[in-house]
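Colleague: pasting the sequence and the predicted model now:
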Amino acid sequence: MDALAPGDPARIGPYRIIGRLGAGGMGRVYLARSEGGRTVAVKTVHDGFAQNREFRLRFAQEVAAARRVGGAWTAPVLDADTEGSAPWVATGYIPGPDLHEVVARSHGPLPPVSVLALANGLGHALSAIHRAGLVHRDLKPSNILVTADGPRVVDFGIARTLETPVDGLLTRTGAVIGSPGFMSPEQVRGERLTPASDVFGLGTVLAFAATGRTPFGALDSGAHALMFRIAEEEPDLSGLQPPVEELVRNCLRKEPARRPTTAELVARTRPGCPEPSWSGWVPVRAAFSTRTPRPRPIRRLLPQPVPAPHRP
């Protein structure tokens, strides 16, 4: 957590601001306390973007999506004002680093038992998201918090309802919404998404957690090359151990219908899972029991134009 800077608000809505959790080009996330003493995270947007009608609409959609899912496996929405001059949302504060930090910086790849526990927790989280009629569309390590009570999925900025036939933004020339490297083949092609798309993302996350790399190439190898390999090539699963290798391979099937459902994922990973306590599910307990998570910048909610994938 960073100290407050000149110009930071003393209060947002009914919440007293304590410090900064993160900042980015789109806005800031503050640590705050309610009048009753509850610690919360308050996410705001910069004034310039608050005047952007499309951005404001997406912010309101993100809040509505998070409310529909609930807080069992996510950060629960406690309060929000999406209509005011300075939109904000308050969620429950979840102490713990994100999965990318754990694997890439503080610990390294996780052992198979922890990867299977991660798969079980994410299966529960995606089941809750899909029961709410949503597809997350951006499941990636930086959107997964590692806590003493299991993984938590955050950031519903680009979630969409299952009833939406085609996202209007995808019809714009070259517009692709998602994070290259963690997208499904159907997402790369701009096709209608189903819960199976999130299962593909889960497979990519598990491969990263187990090996420290993504199965379709380095994330800095370029969006075009990554998306082409996702759509056309088989994943590199070297370094994965059974039964993690089989689980990841099934999640990364090109055809959505051949991927396991979230219910199947939960059932396959339940044996040996540390439910209900989740005690010791990852070998980095000190990382999330004694520290504040690193600042998490607000991700750009508006889509980035990315040309369709092509052969290098």
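Modeller: Noted; the coordinates are in hand. Residues are numbered from 1 along each chain as shown.

Colleague: in the protein, spot the strand with the most residues.
Modeller: Using DSSP state E, we find that the single longest strand of the chain is strand 15-23.

Colleague: CA atoms only for it, dumped as CSV, please.
Modeller: This file holds the C-alpha atoms of strand 15-23, laid out as CSV (Å, rounded to 0.1, in the frame of the first residue of the first chain):
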residue,chain,number,x,y,z
TYR,A,15,-15.7,5.5,3.0
ARG,A,16,-12.7,7.1,4.7
ILE,A,17,-9.6,6.7,2.4
ILE,A,18,-6.5,5.2,4.1
GLY,A,19,-4.0,4.7,1.3
ARG,A,20,-3.4,3.8,-2.3
LEU,A,21,-3.6,0.1,-3.4
GLY,A,22,-3.0,0.8,-7.1
ALA,A,23,-3.1,3.4,-9.9
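
Colleague: other SSEs contacting the helix or strand following it?
Modeller: In the C-terminal direction, the helix or strand that comes right after strand 15-23 (DSSP states H and E) is strand 27-33. Applying 3 or more CB pairs under 8 Å, 6 or more residues apart in numbering; DSSP states H and E, one finds that strand 27-33 contacts strand 15-23, strand 39-45. The way it works is simple: take the backbone N, C-alpha and C, and place the C-beta from them, glycine included.

Colleague: the nearest residue to Lys140 once chain neighbours are set aside: neighbouring residues, count only.
Modeller: Setting aside the residues directly before and after it, Lys140 is nearest to Phe182 in space (CB to CB, 6 or more residues apart in numbering), at 4.2 Å. The tally of other residues near Phe182 (other CB atoms under 10 Å) stands at 26.

Colleague: domains of this protein?
Modeller: 11-92, 99-289 (automatic domain parsing).

Colleague: want to throw these into CSV with mean pLDDT and distance to Leu4?
Modeller: Shown next, in CSV, are the domains of the chain (pLDDT from 0 to 100; distance: least, CB to CB, whole Å):
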stretch, mean pLDDT, distance to Leu4
domain 11-92, 88, 6
domain 99-289, 85, 23
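
Colleague: would a markdown table of these with distance to Asp2 be doable?
Modeller: Shown next, in a markdown table, are the domains of the chain (distance: least, CB to CB, whole Å):
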| stretch | distance to Asp2 |
| --- | --- |
| domain 11-92 | 4 |
| domain 99-289 | 16 |
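
Colleague: which one of those lies nearest to Ala3?
Modeller: The minimum distance between Ala3 and these falls on domain 11-92, with 6.0 Å, by CB to CB.

Colleague: what is the neighbour count of Phe208?
Modeller: Neighbour number of Phe208 under other CB under 10 Å is 25.

Colleague: using the three-state scheme, assign it.
Modeller: Recorded secondary structure, Phe208: helix (DSSP: H, G, I helix; E, B strand; the rest coil).

Colleague: then the one 5 residues further on?
Modeller: The local conformation at Arg213, judged by three-state DSSP, is coil.

Colleague: for it, which non-adjacent residue is closest in space?
Modeller: Ala207 (7.7 Å).

Colleague: Phe216 is in contact with the one you found, correct?
Modeller: No: counting by CB atoms under 8 Å, Ala207 stays clear of Phe216, with 9.1 Å between them.

Colleague: overlap of the contact sets of the two?
Modeller: Common contacts of Ala207 and Phe216 (CB atoms under 8 Å, 6 or more residues apart in numbering): Pro235.

Colleague: before we move on, back to that, contact partners for the residue nearest to Lys140?
Modeller: Phe182 sits in contact with Asp138, Leu139, Lys140, Gly201, Thr204, Val205, Thr214, where contact means CB under 8 Å, 6+ apart.

Colleague: quick one, phi/psi of it?
Modeller: phi -130, psi 10 (degrees, to the nearest 10).

Colleague: what segments of the protein are strands?
Modeller: 11-12, 15-23, 27-33, 39-45, 77-81, 88-92, 134-135, 144-147, 150-153, 160-161.

Colleague: which positions within the longest strand of the chain qualify as buried?
Modeller: Tyr15, Ile17, Ile18, Arg20, Leu21, Gly22, Ala23 (16 or more other CB atoms under 10 Å).

Colleague: from those residues, which is closest to Tyr30?
Modeller: Scanning the buried residues of strand 15-23 for proximity to Tyr30, where the rule is CB to CB, the winner is Ile17, at 4.9 Å.
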